[in-house]
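A.B. asks: Take this sequence and fold it.
(2 chains)
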There are 2 protein chains.
Amino acid sequence: MIFADFNTLSLLLVSNETAALALDMLTIFGAAKLLAEVFEQIKVPGIVGEILAGIIVGPSVLGWISPGEVLTALADLGVMFLLFRVGLEVKSHELLKLGFNATLVALLGVVVPFLAGWGILLLWGQSQIEAIFVGAAMVATSVGITARVLADMGLLQARASKIILAAAVIDDVLGLLVLALVTSLAKGQVNFLQLGLTAAMAVGFTILVAAWGTRTMRKVIPRVQHKLRVGEAQFAFAMVMLFGLSLLAVYAGVAAIIGAFLAGMALSESVDRRVHDLAEGVSQLLVPFFLAGIGLTFDMAAFARPATLLLALVIFVAAVLSKFLGCAFGAYRLGRANALRCGSGMVPRGEVGMVVAQIGIRLGTISQAVYGVVVFMAVATTLIAPFLLRFSYKGLRGQSEEDEPYSTRK
Amino acid sequence: MIFADFNTLSLLLVSNETAALALDMLTIFGAAKLLAEVFEQIKVPGIVGEILAGIIVGPSVLGWISPGEVLTALADLGVMFLLFRVGLEVKSHELLKLGFNATLVALLGVVVPFLAGWGILLLWGQSQIEAIFVGAAMVATSVGITARVLADMGLLQARASKIILAAAVIDDVLGLLVLALVTSLAKGQVNFLQLGLTAAMAVGFTILVAAWGTRTMRKVIPRVQHKLRVGEAQFAFAMVMLFGLSLLAVYAGVAAIIGAFLAGMALSESVDRRVHDLAEGVSQLLVPFFLAGIGLTFDMAAFARPATLLLALVIFVAAVLSKFLGCAFGAYRLGRANALRCGSGMVPRGEVGMVVAQIGIRLGTISQAVYGVVVFMAVATTLIAPFLLRFSYKGLRGQSEEDEPYSTRK
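C.D. replies: Residues are numbered from 1 along each chain as shown, chains lettered A, B, ... in the order given. Okay, here's the model as predicted:
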């Protein structure tokens, strides 16, 4: 009785929300790092553990955490900072130079999975529009996962890694167009002027920032450094760029994380190492929320019917094979090793495929069961990608790349 | 028409929440840093600008931002990381050594403001219970503001700074007891056993962690460093400590930020510089949300009646004078300069005073007008504190302190 009183008092005295926040932070971050450690000890990529941690603490297994507004925001910030950090390590002229090859990889990586998903769903007896939506969901690559694995292995500077990054950016723009087309179809009207405008805005924004960002920042950052008096002025400026370009990217029709990546790339040749370190701190804290967040959305209840589970497995295999083969074929001219790497790097669908599926649900064009199938595909491709990447980059780890003399300097 | 269609499509295509998040981040962080820069240029502490930025973008002036669940969480995390970072710079044995002086400062800094607030409200003709609540709200010091100002000036290692930090921790425990007493009074029953239990838990937790944390971490951290394989293992471990102790602190009855501070202090003598840098990154990103968040709560509408405005001004002056005189008197034995510094450092009430007022509102014991008065007092004392600190530490800035030979090493 005393203790009950005491608890009531405690709860009144302290801010409940702060305690709940600390508990959520501890649970998700702690579980993610614990599983990452266990997996690293048995030589499995830690990132797999962080995603599985989300499944385990989430509604499907333990039910300790259910995704809410705050956790979603932390996950969104996490993937933004992840891409920003990766952008900081990439020089835009190197990426632009790889444009043709990357475009080829991205194009084939869009067409093949779309056809695969669409075809399988039709064969399975689903409706035309549902088949088109699943095809669209199989298009988008989640560059965050690949970027994180490559960064962990110290291989961001390898040639194949840069092609993957460039291809993932192009993939996002193409994915947007596919989705725009599909959404128009679902509404029964295709407005080509509107589609053209969407395409022009997205492509224009991306090329403009990639081409002009770096040289603009080369002029701006020294001024920031010398004129501003506020503490950590470069970092403050970098954050404004990060949030500003993420927002502009959304207005231009591409994903916020593409804006975050472009912001990092624009700043990569002018900011101090200190900015990298500070951004890395945010990244280290928040990326586990992004990774576990992917796991949190996983819903085992969707697979109560064996037919759904079978479809999920078929779609998963098709998603891996179609993306791998499409992208590898696109990178064929770069040699077998690089083709393998590009194929592996584009496999994870992560959060992007789920966004497509959610739109499908909202428009009422796909069923809950098909939604579950897409989520399974997204999570499973994300879980398998680190293994594929490790395998395809074998032998390159920690070494400088032979054919790219400029690539190992930071 | 085309553009309207286009917008609908864009909004459908991209995650709205991500765009809204990026916009909020850009607005608050951008406004805070912009005003901080403007203020620094005219030699006013930047922290004042960051708090004012919250008032300006908040409901009182522009109305661009209204505090929601996500922004509150970011602000809470911000102040937790601020205190954690400060803890990392403080050695526990130095703080414990100052225990007696700090206790004296804290005690007088609690008694005098309480009597001042209580007396003024009674003279003003308010009810007894309302007077007691305002007195209680005037007790709690917001150590975050002072810590940030001292850290900005590079003066965390000065003797007075350490007394302020130790006194602020003790102040939090005392404030808890005052609040517990006051809450019991509001409910019409005082359970002394319960109060004793609350006190014992809070004091026990704080002393235990302060005394044993450092030596435990000295043994644990080298193992973390050598045995764990996960990337940035020390940082990951530090984060688990931070969230874990913040949570335990709440259970023990003290504020989460006290737990965060104790976590930092426990780790201060064993983690690498890298952990400081990574935590600093999170701190640099999130502290502006804490500071602007204080401004966001400010409500001008409360001062429509001149009598309320007058009371607010009287309470503000009393809050500054009573805390300053009480704490300065408590530190009198340490010389005039240190007494001035301790007096100034304990002035800001920040978010802590507001929590007390919110409990008062929830229990129905204080009116909206008196709530407005407390919020004004909390914000205004927070805005004036940086000036007082700058003045009282004049001449010490950037120098090592003469009477503390060990204090300048990190």
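
A.B. asks: What strand or helix carries whichever residue of the stretch 201-350 of chain A sits closest to chain B?
C.D. replies: Closest contact between the stretch 201-350 of chain A and chain B, by C-beta to the nearest C-beta, is at A:G281 (2.7 Å). From N, CA and C alone the C-beta is placed, and that goes for glycine too. For A:G281, the element it lies in under DSSP states H and E is helix A:273-296.

A.B. asks: With just CA atoms, put that helix into CSV.
C.D. replies: Once non-C-alpha atoms are left out, helix A:273-296 reads as follows in CSV (Å, rounded to 0.1, in the frame of the first residue of the first chain):
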residue,chain,number,x,y,z
ARG,A,273,36.9,16.4,-40.4
ARG,A,274,35.1,17.7,-37.2
VAL,A,275,31.8,17.9,-39.1
HIS,A,276,32.2,14.3,-40.2
ASP,A,277,32.8,13.3,-36.5
LEU,A,278,29.8,15.2,-35.1
ALA,A,279,27.5,13.9,-37.9
GLU,A,280,28.8,10.4,-37.2
GLY,A,281,27.7,10.8,-33.5
VAL,A,282,24.1,11.5,-34.6
SER,A,283,24.3,8.6,-37.1
GLN,A,284,25.7,6.2,-34.5
LEU,A,285,22.8,7.0,-32.1
LEU,A,286,19.9,7.1,-34.6
VAL,A,287,20.7,4.5,-37.4
PRO,A,288,19.8,1.6,-35.0
PHE,A,289,16.3,3.2,-34.8
PHE,A,290,16.1,3.1,-38.6
LEU,A,291,17.3,-0.5,-38.8
ALA,A,292,15.2,-1.8,-35.9
GLY,A,293,12.3,0.3,-37.3
ILE,A,294,12.3,-1.9,-40.5
GLY,A,295,12.0,-4.9,-38.2
LEU,A,296,9.2,-3.3,-36.2
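
A.B. asks: quick one, that helix and helix B:273-296 angle?
C.D. replies: With axes from the mean of the first three to the mean of the last three C-alpha atoms, to 10 degrees as the basis, helix A:273-296 and helix B:273-296 are set at 80 degrees to each other.

A.B. asks: picking up where we left off before, identify the residues contacting the residue of the stretch 201-350 of chain A closest to chain B.
C.D. replies: A:G281 makes contacts with B:235, B:277-282, as judged by C-beta atoms under 8 Å, 6 or more residues apart in numbering or on different chains.

A.B. asks: From A:G253, how far off is it?
C.D. replies: Using C-beta to C-beta, to the nearest Å, A:G281 is found at 31 Å from A:G253.

A.B. asks: Equivalent analysis for A:G295, please.
C.D. replies: Distance, A:G295 to A:G253, using C-beta to C-beta: 29 Å.

A.B. asks: Same check on A:V209?
C.D. replies: Distance from A:V209 to A:G253, by C-beta to C-beta: 13 Å.

A.B. asks: Could you list the buried residues of the host helix or strand of A:K219?
C.D. replies: Secondary structure assigned from DSSP H and E places A:K219 in helix A:192-227. For helix A:192-227, a neighbour-count test (16 or more other C-beta atoms under 10 Å in any protein chain shown) marks A:194-195, A:197-199, A:201-203, A:205-206, A:209-210, A:213-214, A:217, A:221, A:224 as buried.

A.B. asks: what mean pLDDT does it have?
C.D. replies: Averaging the model's pLDDT scores along helix A:192-227 yields 86.

A.B. asks: what's the next secondary structure element after that helix?
C.D. replies: Following helix A:192-227 in sequence order, the next helix or strand is helix A:233-252 (DSSP H and E).

A.B. asks: does any part of the helix or strand just after that following helix sit near chain B?
C.D. replies: Sequence order places helix A:256-267 as the next helix or strand after helix A:233-252, per DSSP H and E. Yes - for helix A:256-267, a contact with chain B is found by C-beta under 8 Å from any C-beta of the partner chain, at A:256, A:259.

A.B. asks: Show me what helix A:256-267 is packed up against.
C.D. replies: helix A:69-88, helix A:92-97, helix A:143-152, helix A:159-186, helix A:192-227, helix A:233-252, helix B:16-41 (3 or more C-beta pairs under 8 Å, 6 or more residues apart in numbering or on different chains; DSSP states H and E).

A.B. asks: Now do it and helix A:192-227, the angle between them.
C.D. replies: 40 degrees.

A.B. asks: Helix A:256-267 vs helix A:69-88, what angle?
C.D. replies: Using the same axes, to 10 degrees, helix A:256-267 lies at 40 degrees relative to helix A:69-88.

A.B. asks: next one: helix A:256-267 to chain centre, how far?
C.D. replies: 13 Å (C-alpha atoms, centre = their mean, to the nearest Å).

A.B. asks: the inter-axis angle of it versus helix A:159-186?
C.D. replies: Using the same axes, to 10 degrees: helix A:256-267 against helix A:159-186 is 140 degrees.

A.B. asks: coming back round to it: excluding residues flanking it in the chain, which one is nearest the residue of the stretch 201-350 of chain A closest to chain B?
C.D. replies: When the adjacent residues along the chain are set aside, A:G281 lies closest to B:G281, with 2.7 Å between them (C-beta to C-beta, 6 or more residues apart in numbering or on different chains).

A.B. asks: Let me know the pLDDT of the one you found.
C.D. replies: 96.
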